[in-house]
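S.K.: No sequence on hand, only this structure:
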């Protein structure tokens, strides 16, 4: 008899039987006590619905579907180990990657992202569903931990993040998220695709820092100004991708918009950020990346608004 312990090996429980630890990523969020309808005890510990999961999101009640996998893994197995491709080394690398996705990931979710639901994870890929803001945080945590594990620039991770309403069919959502993952890989791998943007993880880290810095003022930023930022981003990208010189008018347009719609006292962070965009710095790669991603920043701020009128 061989026993597979699906939740890890426990010496006190599994003593006396030939037992192997077999981790399975099967984490499911459950109902919390203060969320039970009319205090019905039958709900305690039961899996939550997708609608309720979306209700736990910050701002708009939306879900996100995270699809990710390791880049060029087949190539690495075939050529990356060179003359060191012994059976034990190949097996160790394969087991370690599987352990990361099927063992480490559910522990990470239970500890830091308890509202997310694992559809599957193992081998070298995953599909996770959860409140949209938690899924974005989870993607960053997975990439950071994966880099800590591998410490090898040849081993990278790409991801696609789809935002959708809770009633969106999960089979369709999985397909759409997989298409976003393909876009991230087609753009060069080691990237994330979401909300119409494809960024390297380092570029996303820069854009996320801006989003997080502006987030405390999200509810007080004029809605019209946020939608203007989306338009400015499109103009700038047309200039960079197609040479449309109208994109060069972004700087004076932002300056005019700031003077009319941004109150330096009410939203000092936004005023400082937007004023910095009005300065023409052609050799500043960080500013140009920010201009190209203004739409993503604005959309994230809109999604995170708590005011009911924007939902």
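M.R.: Right, received. Where do you want to start? Keep in mind that what you see is a predicted model, and the values were worked out from it rather than measured.
S.K.: Do a quick rundown of the strands in the stretch 151-300 of the chain.
M.R.: Using DSSP state E, counting those that start in this stretch, the strands of the stretch 151-300 of the chain run over 157-164, 191-194, 197-200.
S.K.: Sheet partners, orientation included, of the longest one?
M.R.: The reference is to strand 157-164. Neighbouring strands of strand 157-164 in its sheet, by DSSP bridges, are strand 63-70 (antiparallel), strand 191-194 (parallel).
S.K.: and after the first one, which helix or strand comes next?
M.R.: Counting by DSSP states H and E, the next helix or strand C-terminal to strand 63-70 is helix 73-75.
S.K.: what's in contact with stretch 99-113?
M.R.: Applying Cβ atoms under 8 Å, 6 or more residues apart in numbering, the contact partners of stretch 99-113 are 8, 23-27, 116, 118, 121-126, 128, 130, 134, 137-138, 141-142, 145-146, 149. Just so you know, the C-beta spots here come from the backbone N, C-alpha and C atoms, and that holds for glycine as well.
S.K.: mind listing the helices for the stretch 101-250 of the chain?
M.R.: Ranges of helices within the stretch 101-250 of the chain are 105-112, 132-150, 170-186, 201-214, 223-242, 250-261, based on DSSP state H, counting those that start in this stretch.
S.K.: could I get the ones you listed as a markdown table with mean neighbour count, distance to residue 73 and mean pLDDT?
M.R.: Shown next, in a markdown table, are the helices of the stretch 101-250 of the chain (neighbours: other Cβ atoms under 10 Å; distance: least, Cβ to Cβ, whole Å; pLDDT from 0 to 100):
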| stretch | mean neighbour count | distance to residue 73 | mean pLDDT |
| --- | --- | --- | --- |
| helix 105-112 | 16 | 17 | 94 |
| helix 132-150 | 19 | 11 | 96 |
| helix 170-186 | 17 | 12 | 96 |
| helix 201-214 | 17 | 17 | 96 |
| helix 223-242 | 17 | 31 | 92 |
| helix 250-261 | 15 | 40 | 93 |
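S.K.: Determine which of those helices approaches residue 65 most closely.
M.R.: When the helices of the stretch 101-250 of the chain are compared by Cβ to Cβ, helix 170-186 sits nearest residue 65, at 4.3 Å.
S.K.: From the chain's centre, how far out is that closest one? Work that out for me.
M.R.: Distance, stretch centre to chain centre, for helix 170-186: 13 Å (Cα atoms, centre = their mean, to the nearest Å).
S.K.: counting contacts, what elements does that helix pack onto?
M.R.: Packing partners of helix 170-186 (3 or more Cβ pairs under 8 Å, 6 or more residues apart in numbering; DSSP states H and E): strand 63-70, strand 125-131, strand 157-164, strand 191-194.
S.K.: cutoff 10 Å now
M.R.: Applying 3 or more Cβ pairs under 10 Å, 6 or more residues apart in numbering; DSSP states H and E, one finds that helix 170-186 contacts strand 63-70, strand 117-122, strand 125-131, strand 157-164, strand 191-194, strand 197-200.
S.K.: which residues are in contact with that helix?
M.R.: With contact meaning Cβ atoms under 10 Å, 6 or more residues apart in numbering, helix 170-186 is reached by 50, 63-69, 71-72, 117, 119-120, 125, 127-129, 157-165, 168-169, 190-201.
S.K.: Could I have the buried ones of those residues as ChimeraX selection syntax?
M.R.: Selection of buried members from those for ChimeraX, criterion 16 or more other Cβ atoms under 10 Å:
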select :50,63,64,65,66,67,68,69,71,72,117,119,125,127,128,129,157,158,159,160,161,162,163,164,168,190,191,192,193,194,197,198,199,200,201
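S.K.: related to what we said a few turns ago, I'd like the strands paired with strand 157-164 as a markdown table, with distance to residue 45 and mean pLDDT appended.
M.R.: As requested, those are arranged in a markdown table below (distance: least, Cβ to Cβ, whole Å; pLDDT from 0 to 100):
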| stretch | distance to residue 45 | mean pLDDT |
| --- | --- | --- |
| strand 63-70 | 22 | 97 |
| strand 191-194 | 32 | 98 |
